[in-house]
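> Any chance you can model this:
(3 chains)
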Amino acid sequence: MPELPEIETIKSGLRKVIFGKKIYSAKVVRRDLRFPVPKDLEKLVKNSKILKIKRRSKYIILELTGSVSLIFHLGMSGKLIISISKKQEEFILQKHDHLVFFFENQIQLTFNDARRFGFVDITKSKSDGYIRFAHIGPEPLQKNFNKDYLLRKIEYSERNIKNILMDQKIVAGLGNIYVTEALWKSKINPNRSGKSIKDIECVNLVNSIREVLKKAIKFGGTSLKDFRKVGGEIGYFQNKLNAYAKEKQKCSRGRCKGRIKKILISGRSTFYCSICQK
DNA sequence: CCGTTAACCTGAGAGC
DNA sequence: TGCTCTCAGGTTAACG
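Numbering: from 1, shown residues only, chains lettered A, B, ... in the order given. So this is what the prediction gives:
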């Protein structure tokens, strides 16, 4: 489910409510997520305070006192939900609630994940050194993701550009929706090989990725199905999509008479306009 | 090393 | 109603 803009939206939502707050305790309801919840999580979290709230790629990071970082990955269906004003002993678990963090001021943070493709981890190293971040590519909204970098990664590649951009080792945080949208915006056919992308198209692609992500963040992410902000509200970027899930609809680019097609690339639904995406 | 595919898991919606 | 089938914002082990 959640890609960079959704995780960024969650990060902002968490900052408003739990920044600087103390965690009294954590309750783990179910440990067999994508990876097992670490055995010592409850102990490491108990009586800590939230010092920083960060995002790296599609991960949410809570840096705690005691040089401990809590790390969340939401997989396809994961949610982080804040609720307030229930006493711990009266807290009611919803279906697929797997962890609950009890904060001061009656604040609770719940990790809910129906499909359990997500996971929760904890590290005592600096969060930058977290093992799963080791091979993740640059953040697309930072300067080190630019035309020169991307061109270097794709210029000899036979892979299609869609799979390249979905690859977290190439660039962090993009998934099916935002790659689809960025390719539409740059008028590039998702089946094009990396090496066929011209210099000017690469410039365009980098700019399109940035613009699509920034706009999606501004609208609070895309809620097609599962995505919710920390207060349970939906995002609104689904109203701004031009290609994703727009099968058979008219291409919204000015004067283009095409319709959006749906194809499969590496088993994933892919949407594009066969008229303007060359 | 590189790239592709299958598998992980549950729920929603379509078609019958 | 209910059954079966397909599909879903992701990642990665296994394979060629």
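
> Quick check, residue A:211 in contact with residue A:185.
Yes. If you go by CB atoms under 8 Å, residue A:211 and residue A:185 touch, sitting 6.9 Å apart. Just so you know, the C-beta spots here come from the backbone N, C-alpha and C atoms, and that holds for glycine as well.

> of the two, who's got more company?
A side-by-side neighbour count of residue A:211 and residue A:185, using other CB atoms under 10 Å, places residue A:185 first with 20 against 14.

> helix or strand right after the strand or helix carrying residue A:213?
Assigned by DSSP states H and E, residue A:213 belongs to helix A:199-218. Heading C-terminal from helix A:199-218, the first helix or strand you meet, by DSSP H and E, is strand A:260-265.

> What strands line up against that following strand, and which way round?
strand A:268-273 (antiparallel) (DSSP bridges).

> can you count the residues close to the residue in chain A positioned nearest to DNA strand B?
Across chain A, no residue is closer to DNA strand B than residue A:115, which sits at 3.3 Å (CB to the nearest atom of the strand). Residues lying near residue A:115 (other CB under 10 Å) number 14.

> How about the one 5 residues further on?
By other CB under 10 Å, 26 other residues sit near residue A:120.

> Residue A:257 versus residue A:277, what's the distance?
14 Å (CB to CB, to the nearest Å).

> Can you spell out which helices and strands pack onto the helix holding residue A:213?
Packing contacts for helix A:199-218, counted by 3 or more CB pairs under 8 Å, 6 or more residues apart in numbering; DSSP states H and E, involve helix A:4-18, helix A:147-154, helix A:176-185.

> Check whether the last one comes near DNA strand B.
No. Interface with DNA strand B: helix A:176-185 contributes nothing (CB under 7 Å from any atom of the strand), its closest point being 12.0 Å away.

> Quick check: residues of the stretch 1-150 of chain A near DNA strand B?
Checking the stretch 1-150 of chain A against DNA strand B by CB under 7 Å from any atom of the strand, the hits are A:77, A:95, A:96, A:114, A:115, A:116, A:117.

> for the fifth one, helix, strand, or coil?
It stands for residue A:115. Counting by DSSP: H, G, I helix; E, B strand; the rest coil, the backbone at residue A:115 sits in coil.

> Thought residue A:102 was touching residue A:21, still the case?
No. Assessed by CB under 8 Å, residue A:21 is found out of contact with residue A:102, at 10.6 Å.

> Give me the pLDDT for the residue of chain A found nearest DNA strand C.
Residue nearest to DNA strand C within chain A (CB to the nearest atom of the strand): residue A:175, separated by 1.9 Å. pLDDT for residue A:175: 97.

> cool, and the one 10 residues further on?
According to the model's per-residue confidence, residue A:185 sits at a pLDDT of 98.

> can you check the one 3 residues further on too?
We note a pLDDT of 97 for residue A:188 in this prediction.

> Contact partners for it?
A:161, A:197, A:201, A:204, A:205, A:277, A:278 (CB atoms under 8 Å, 6 or more residues apart in numbering).

> Please identify the most buried of the helices and strands packed on helix A:199-218.
helix A:176-185 (a mean of 25; mean count of other CB atoms under 10 Å).

> what's in contact with that helix?
Applying CB under 8 Å, 6+ apart, the external contacts of helix A:176-185 come out as A:3-5, A:161-162, A:165-166, A:174, A:189-190, A:205, A:208-209, A:211-213, A:216, A:222, A:224, A:241-244, A:268-273, A:277.

> isn't residue A:44 right next to residue A:123, touching?
No. Using CB under 8 Å, residue A:44 makes no contact with residue A:123, being 9.6 Å away.

> Show me which of residue A:277 and residue A:257 is the more surrounded one.
More crowded of residue A:277 and residue A:257, by other CB under 10 Å: residue A:277, with 24 against 10.
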